[in-house]
Each structure stands twice: as C-alpha cells, then as structure tokens.
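**Q** show me the folded form of this:
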Amino acid sequence: MLGAIALLLAPAALALAPLDGRIDRFGAPGAPVRLVEDTAPQKDPRLRALFARAEAGDAVAQNRLGQKFENGDGVGRDLAEAARWYRRAAEQGHAEAQLNLGVLYENGEGVARDLGEAARWYRGAAEAGEVLAQLTLGLLYREGRGVPVDYGEAARWFRAVADQGFAVGQINLAFMYLDGLGVVQDDAAAAALLQAAAERGHPVAQNNLGILYATGRGVPSDPKLAAAWHERAASQGLANAQYRIGLLYEQGQGVPRDDAAAARWYRQAAEQGEVAAQTNLGLMYRDGRGVPQDDAQAHAWLSVALKRGAEAPEAERAAEARAELARRMSEADLAAAEQAKAEVLRRLGTTAP
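**A** Numbers count the residues shown, from 1 in each chain. Have a look, this model is predicted:
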C-alpha cells in the first residue's frame, strides 16, 4: 500500500510520508451575471472588450472571463458563470480552461460534483501538457476517484510531471517505485527521485530521503545523512521531520545526543499536532530531560496525545505514563495539568476535555 506517516518511536520502523496533492478552490455560486455595482468597472474598456471577445468565441478571453467570475475580479463572483465560460473555452480545446473546469467539477463549485467529468476534463488538459492536470489525473488514477484504480496510468502521469523537473511529480513517482505500484519495485529509483526533489528544497522529499538513509532503502545506510535531511525538512516547518530529528537527537543517532535539542524539535512538532512528538515531549517533562521536570506539563502533553489519536503501542505507553503521574500528583497539580491541556488544545484548535 502507499506509504503513510508512521507515528513511531523507533527509527528502524520509519515509513514514508504521503503527499497530499488535492486542489482547493474557494467560493460559492452567486447571483446571475453582473458587473460590480459601481461605475468604474462598467466604464472599464478592457473589461468590456474582454466580454466582447469572449462572446465572439475567443477561447483565451472565455477562459480569462471564467477566472474573473471565479475570483470576483471586476464582476460579481459567480462560480456557475465561471463554469459556463470555462466550458465554452474548454470545448474549443483550451487546456487551461479544461483544467479549471475539471477543478470545479472535482470540488462541486458552480456545477454538480462529478469526479468522472473532472477526470475527463483533466485528461484533455493533461494531454495538452498542463502540469497540474497531469498531477491531478495521476492522483485520481492512484486513488480510483472518478476513474478505475490504474497504477500504471498513475505512474505514467506522475512521470510526465517528474520529467519536467517538478518535485511533486518526482515525489509521487518515488512512492510508486517504493511500493511497486504501476512500476517494477525499485528502491534505488525511488531514492534518486527523492534526491532530485530534495535538492530542489521540497521538505517532503527531504524528510523521506532521510528515512531512506536511516533504513538503508535504495541508498547505503547513513545516520548522518538521515539526520541532515530530516533537519533540513524540519527547518522548513514539516512537523513529521521535526519529530524525527528530535528522535535522532534524543537517541544520538547521526547527531550528538542532545536532550535540549530533542525537546525543542518535539515541541515544534507537538504544537503542530504531531502526536508522537506530543507523547515524547510529555515523557521528557516527566523525566526532566531537556526541559525542567514538570509533572503538570507531562500529564498535559500525554493527555493531548491520547485525545488526538495516539495509536498502539504508543497509546498504551502514554496512558501508562499518565496514570503513573496521576498517582503521585496533588489535586493542585492535576488542576494545573488540566489547565495546561486546555491551553494546548486551544492552540491546536481542539476543545477539551
């Protein structure tokens, strides 16, 4: 199956973090076609000329007008009208309009949601070379959304993106090689693709390349390179990488053992919702490693990890540690722990208890 972020406490079991390639657009259908209600846009000769060219059948103008209705740029925002103009351009073979119309069908904006129609329009755009359409079509084939699952097609479209030098295509194709989906399983090919994307600065590629160096998949095992790539990804704010480099600092693998550095990285990941980091930060507070010993903070972070979905065996470990803490804590300490937990959950956008 496709790799997923593993919230584990031992680097020997590190797994690959997935790439979310979903396209998001915003907005909702509005009122019928209208110009914004003031005199300036109505007098704008460029806007009037755009309408005239679109009505005369100019596909470029039709696509541009669709964008204006989608974004509320000089006209009242109206996704149904955006879809109508995109369709007129798309039916003439305008690749960007086909992509834009596919997005509306995928998200159900301005048209009824229809993944089959989305895939149809994405295919037209992809065959014309639209990179985002190629990527999205690959994702649809990989996931079986709007089209039957077809890993060969998914890999073909990811390769088309990768061959143009885009990191997101290289990463997705690397996952296919690692799992042997649509291609012959090949860890070395995956590592080469991740290396290329990592060197372009993509944090997901950097993190996953670190995993390969930690586990010796497709590359020689090298704890120092593993740590270096994890830290580069962590420095860009990737929570899973922050957890992983924290783990390496705690265990002294590839970097000198440094509890303070471990706690600092765990905290950054924990504040982004990385459950394994929340557990480990709680244990460091319990033991006073890298942070001042604080039962209330330890109890709070362990409680947050359990609330936010810690899984076995991590959940059992967190629950056991929290229960041990509770037995030795005073009522005042437990009340402080509840307050600390509520504050953390507030920052994470989750309500207590």
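**Q** pLDDT below threshold where in this structure?
**A** 1-43, 310, 312, 351-353 (pLDDT under 70).
**Q** okay, now the domains of it?
**A** 31-149, 258-353 (automatic domain parsing).
**Q** got those as CSV, with mean neighbour count and distance to residue 157 columns?
**A** Glycine gets a C-beta too; all of them are placed from N, C-alpha and C. CSV is the format used below for the domains of the chain (neighbours: other CB atoms under 10 Å; distance: least, CB to CB, whole Å):
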stretch, mean neighbour count, distance to residue 157
domain 31-149, 19, 3
domain 258-353, 19, 31
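**Q** would you turn those domains into TSV with distance to residue 232?
**A** TSV is the format used below for those (distance: least, CB to CB, whole Å):
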stretch	distance to residue 232
domain 31-149	24
domain 258-353	13
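**Q** which one of those domains lies closest to residue 245?
**A** domain 258-353 (5.2 Å; CB to CB).
**Q** returning to that earlier point: which of the domains of the chain sits closest to residue 250?
**A** domain 258-353 (3.8 Å).
**Q** who wins for proximity to residue 218 among the domains of the chain?
**A** Here domain 31-149 is closest among the domains of the chain (CB to CB), at 20.5 Å.
**Q** I'd say residue 231 and residue 245 touch.
**A** Yes - under the criterion of CB atoms under 8 Å, residue 231 makes contact with residue 245 at 4.9 Å.
**Q** overlap in contacts, the two.
**A** residue 255 (CB atoms under 8 Å, 6 or more residues apart in numbering).
**Q** and the two? Which one has more around it.
**A** Each of residue 231 and residue 245 has its neighbours counted (other CB atoms under 10 Å); residue 245 has more, 32 against 22.
**Q** quick one: contacts for that one?
**A** Here residue 245 is in contact with 227, 230, 231, 234, 255, 265 (criterion: CB under 8 Å, 6+ apart).
**Q** next one: residue 105
**A** Per CB under 8 Å, 6+ apart, neighbours of residue 105: 111, 113, 114, 115, 117, 118, 121.
**Q** for these, which one is nearest residue 201?
**A** Using CB to CB, these come closest to residue 201 at residue 118, 30.3 Å.
**Q** hmm, who's touching the helix or strand hosting the closest one?
**A** When elements are defined using DSSP states H and E, residue 118 is found to belong to helix 115-127. Residues from elsewhere that reach helix 115-127 (CB under 8 Å, 6+ apart): 90, 93, 95-96, 98-99, 101-103, 105-106, 111, 133-134, 136-137, 140, 145-147, 157, 160.
**Q** the residues you listed in helices, which ones?
**A** Within the contacts of helix 115-127, residues falling in helices by DSSP state H are 90, 95-96, 98-99, 101-103, 105-106, 133-134, 136-137, 140, 157, 160.
**Q** summarise which helices and strands the longest helix anywhere in the chain is packed against.
**A** Longest helix in the chain by number of residues, with DSSP H as the criterion: helix 331-348. Under the contact definition 3 or more CB pairs under 8 Å, 6 or more residues apart in numbering; DSSP states H and E, helix 331-348 sits against helix 259-271, helix 295-307.
**Q** out of these, nearest to residue 345?
**A** helix 295-307 (6.3 Å).
**Q** got the phi and psi for residue 75?
**A** Per-residue torsions, residue 75: phi -130, psi 160 (degrees, to the nearest 10).
**Q** my read is that it contacts residue 67, right?
**A** No - if you go by CB under 8 Å, residue 75 and residue 67 don't touch, sitting 10.3 Å apart.
**Q** just to revisit the earlier point, give me the subset of the contacts of residue 245 lying in helices.
**A** Those of these lying in helices (DSSP H): 227, 230, 231, 234, 265.
**Q** which among the residues you listed gets closest to residue 173?
**A** The closest of the ones in helices among the contacts of residue 245, once distances to residue 173 are taken by CB to CB, is residue 230, at 21.8 Å.
**Q** that closest one and residue 211: what is the separation?
**A** Noted for residue 230: a distance of 8 Å to residue 211, by CB to CB, to the nearest Å.
**Q** go on, residue 66?
**A** On the measure of CB to CB, residue 66 and residue 211 end up 42 Å apart.
**Q** do residue 129 as well
**A** 33 Å.
**Q** in which helix or strand does residue 253 reside?
**A** With DSSP H and E as criterion, residue 253 is part of no helix or strand.
**Q** so who does the residue nearest to it when sequence neighbours are not counted touch?
**A** Excluding the flanking residues, the one nearest residue 253 by CB to CB, 6 or more residues apart in numbering is residue 223, at 4.9 Å. Going by CB under 8 Å, 6+ apart, residue 223 touches 213, 214, 248, 253, 254.
**Q** swap in 10 Å and give it another go.
**A** Residues in contact with residue 223 (CB atoms under 10 Å, 6 or more residues apart in numbering) are 11, 210, 213, 214, 248, 251, 252, 253, 254, 255.
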